[in-house]
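Enquirer: the sequence and its predicted three-dimensional model are supplied below.
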Amino acid sequence: MKKTERRSQGWFGKTGKDGLIYRSWFKKQGIPTHELGGKPMIGICNTWSELTPCNSHFRELAEFVKKGVLEAGGYPVEFPVMSLGETLMKPTAMLYRNLASMDTEESIRANPLDGVVLLCGCDKTTPSLVMGAASVNLPTIVVSGGPMLTGRYRGTEVSTSDIWRFSEEARSGKMTQEDLYVAESGLCRSDGHCGVMGTASTMACMVESLGLSLPGNAAIPAPDTGRKVLAHLSGMEIVKMVENDLKLSDILTREAFENAIMVNAAIGGSTNFVIHLLAIAGRMGIPLTLEDFDTFSSNIPLLANLQPSGSYFMEDFYYAGGLPPVIRQLKDRLNNQAITVTGQEIGKINERFENYNDKVIASIDRPFNTLSGIVVLKGNLCETGAIIKPSAASPELMKHTGKAVVFEDIDDYKNKIDDPDLDIDEHSIMVLKNVGPKGYPGMPEVGNMGLPPKVLAKGIKDMIRISDGRMSGTGFGTVVLHATPEAAEGGNFAVVQTGDLIELDVEQRKLNLLVSEEELGKRKAAWQKPAAMTDRGYVSLYVKHVEQANLGADLDFLKGNSGSEVTKDSH
Ligand code: FES
Ligand code: MG
C-alpha cells in the first residue's frame, strides 16, 4: 500500500508562523524549498563516538546510507544519540542502555521524520536504539557497523575473546606485561565491533533474524566494501518502507521473536541476547517470557562454529556465507512467513543463500554440537529463573553438587580471590552477589569471574560460577547468570553463605540451595537491604524503576509504545 501523506509534512507542509519557523532554520543547511515538499524524510540515527571505538567508522558509513536515501528519492538527516562504549563506560554500559533508548525514542518522535535508519555496532548500541525506535513505531531499518577483522598476536589468530585467556595467563605468570602490550596492539586491528560471536555480533544476528535488516547484515566485516554497499541499499530500502508504510509493528511480531531465539541458538549467541530481546519485546507489547528462550532453543543444533562456543571468527563466518545460510537451514523450524524490512518473508528471502564452508557453518543433520541455546534454570536459589549457555560450559560440570564459596560483592571477590588461604578447590561453586541491575547498579559483565590462582595452577580452566550479573558475550565457562530475584532484592540468593551446598543440574533445569526452609527464613529475617549508592540523577531513577533480569531489565515505565504522533507545536 502506497502512503503519500508524510508525517514530516506536519512540520514542513504547514503554512503560517509554524511552517515558517520549521522551514527557515532547516533551510540554513542549504536546502531548497522543493526538497521539503513531501519527500520521505529519513533520520539516520548515529551512535558514532570516539568513546565507542567499535562505532568510530560510522560517520563514513552514514554517508553511504545517505547516498541510498537520495537515490531512492528520500531526504536524509543524520542525528546523534547517546553512544554506549562497552569497554570504557563505568560502572557498566548496561546501566545506560535504557537511558540511551529514551534518547533514541524522544529524538525520533519529536522530529520531522518519516522513517529511521539505526546505525548500531558495539553491544548496547543495538538494543538501546531498537528499544527506543520500537516505542515510536515508524518504518525502521538497522544497519550494523560490522565485525572487526580477525586479530593477530605473534603469528596466531586472536580475538577480543582471548582477553580472558591472556589475563589468566598473566595472573598465573605465563605472560608478562610486555606480552600483554603486544597482544593488545593486535587484538583490535581494524574498524568494527568484536570479531567473534560476542554480544555485538549476537545483536547484529538478532536484528537480521528479526527481519529488521537486509539479509547479510550481521557478518560483513566493517572494513569490507560490502558493508558500504549494504548501507547504500538499506538507505534505498527505508524509502520504500516509508512509501509502503511498513512499520516496526509489522515486523516485530511474536513469530519474529521466536525466530530470533531459534537462530540465536544455532549460532551460539551471547547470553546477553536474553535480556535485550525481552526488553525489545516489552516495548512492542509482545508477551515473551524467560521460559520461551528454553522452549524455542531446545532441540536447535549448533550450526555456527564460532568463538566463544567454537573455533572460528566473524570474518570466517562472512566468507562462509554469514547468517543467511544458517537461517535457510532452519527453515523446517522457523516461522518462515514472518515479514522482513524488504516486505518479503524471511523464509523466502534467505532461500537463495549458500554455505561456502562447512567447517564454519555445519549442515543441520551434522551439527557441531547438539547442545545449544539458553537453558533456563529454576530452583530455590533463583525462584524467578537464571540462565546458562550450555555450549560454552564444561560437560562434566553440568551436573554437580558442591560447597559454595560466597563473595558478597565485587570488592569482596577482588580482596579474596588471590589469597592462598582461601578455602576453595575446583569442586567448589563460586557465588558472586550484588552484581544485579539494582545491586551494582547496572548489572555488569563480571559473572565469568576469574578462577583462584591455586586452582589455575593445577591447569584447571573452569569451575561453576553463579551470580546475579551478566557475562560478556565473549566469555565462556560453566557460568550461571542473571539469577533472580537478585541479591539486592533480598531473596534466597541474598542469604547464601560460604559452606552451603548448591546443586546444579542443567539437564533437569535445576539450581537449588540445599539449606532448610527454616534456616533460610531465619537468614532472610535478619537480612538488611544495602544502602542506595546515590539519591540523585539517572542512577537513582534507574535503581528505583529497573525490573529484574528475567523481565529484560528495562525501566518499568518504559514498557510499551507511545506511537509517533505529536499534536502540539513548539511556538
Ligand atoms: Fe564493542 Fe565488543 S567492545 S563490540
Ligand atoms: Mg560486552
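Expert: Yes, it's here. Numbering: from 1, shown residues only. Ligands and ions are numbered 1, 2, ... in the order given.

Enquirer: C-alpha only now, for contacts and for neighbours.
Expert: Noted.

Enquirer: ok, Gly211 to Ala204 distance?
Expert: 11 Å (CA to CA, to the nearest Å).

Enquirer: shared neighbours, these two?
Expert: The overlap between the contact sets of Gly211 and Ala204 (CA atoms under 8 Å, 6 or more residues apart in numbering) is empty.

Enquirer: who touches the helix or strand of the chain with the lowest mean pLDDT?
Expert: The weakest-scoring helix or strand in the chain, judged by mean pLDDT, DSSP states H and E, is helix 162-171 (a mean of 88). Residues from elsewhere that reach helix 162-171 (CA under 8 Å, 6+ apart): 175-177, 180, 450, 453, 475.

Enquirer: where is the longest helix in the chain?
Expert: helix 225-243 (DSSP state H).

Enquirer: among the contacts of helix 162-171, who's most crowded?
Expert: Highest neighbour count within the contacts of helix 162-171, by other CA atoms under 10 Å: Gly475, with 26 neighbours.

Enquirer: pLDDT at it, what is it?
Expert: Listed pLDDT for Gly475 reads 80.

Enquirer: now for it: which residues touch it?
Expert: Gly475 touches 161, 164, 198, 308, 448, counting by CA under 8 Å, 6+ apart.

Enquirer: those: which two are farthest apart?
Expert: Greatest spacing in these, by CA to CA: Gly198 and Asn448 (13.8 Å).

Enquirer: shared neighbours of those two, anything?
Expert: Common neighbours of Gly198 and Asn448 (CA under 8 Å, 6+ apart) are 472, 475.

Enquirer: output the below-cut-off pLDDT ranges for the stretch 151-300 of the chain.
Expert: Residue ranges of the stretch 151-300 of the chain with pLDDT under 70: none are present.

Enquirer: Gly16: how many residues sit nearby?
Expert: 7.

Enquirer: what's the spacing between it and ligand 1?
Expert: Distance from Gly16 to ligand 1, counting by CA to the nearest ligand atom, to the nearest Å: 47 Å.

Enquirer: same deal with Ile364?
Expert: 28 Å.

Enquirer: next secondary structure after the longest strand along the chain?
Expert: As assigned by DSSP state E, the longest strand anywhere in the chain is strand 399-407. Where DSSP states H and E defines the elements, the next helix or strand beyond strand 399-407 is helix 410-416.

Enquirer: hmm, who's touching that following helix?
Expert: Here helix 410-416 has contacts from 407, 422, 432-435, using CA under 8 Å, 6+ apart.

Enquirer: again with stretch 25-36
Expert: The contact list for stretch 25-36 (CA under 8 Å, 6+ apart) reads 12-13, 23, 75.

Enquirer: out of the residues you listed, list just those in helices.
Expert: Using DSSP H, the contacts of stretch 25-36 in helices are 12, 23.

Enquirer: got JSON lines for the contacts of stretch 25-36, with pLDDT too?
Expert: Below are these laid out as JSON lines (pLDDT from 0 to 100):
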{"residue": "Phe12", "pLDDT": "97"}
{"residue": "Gly13", "pLDDT": "96"}
{"residue": "Arg23", "pLDDT": "97"}
{"residue": "Tyr75", "pLDDT": "98"}
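
Enquirer: ligand 1 contacts on the stretch 51-200 of the chain?
Expert: By CA under 6 Å from any ligand atom, the residues of the stretch 51-200 of the chain that approach ligand 1 are 54, 86-87, 122-123, 193-194, 200.

Enquirer: the residues you listed: which two are farthest apart?
Expert: Greatest spatial distance among these (CA to CA): Thr87 and Ala200, at 12.2 Å.

Enquirer: in the stretch 1-150 of the chain, where is pLDDT below threshold?
Expert: Low-confidence segments of the stretch 1-150 of the chain (pLDDT under 70): 1-3.

Enquirer: of all of it, which residue lies closest to ligand 1?
Expert: Cys122 (3.7 Å; CA to the nearest ligand atom).

Enquirer: so how many other residues sit close to the nearest residue to Met82 once chain neighbours are set aside?
Expert: Spatial nearest neighbour of Met82, excluding adjacent residues (CA to CA, 6 or more residues apart in numbering): Ala100 at 5.3 Å. Using other CA under 10 Å, Ala100 has 23 neighbouring residues.
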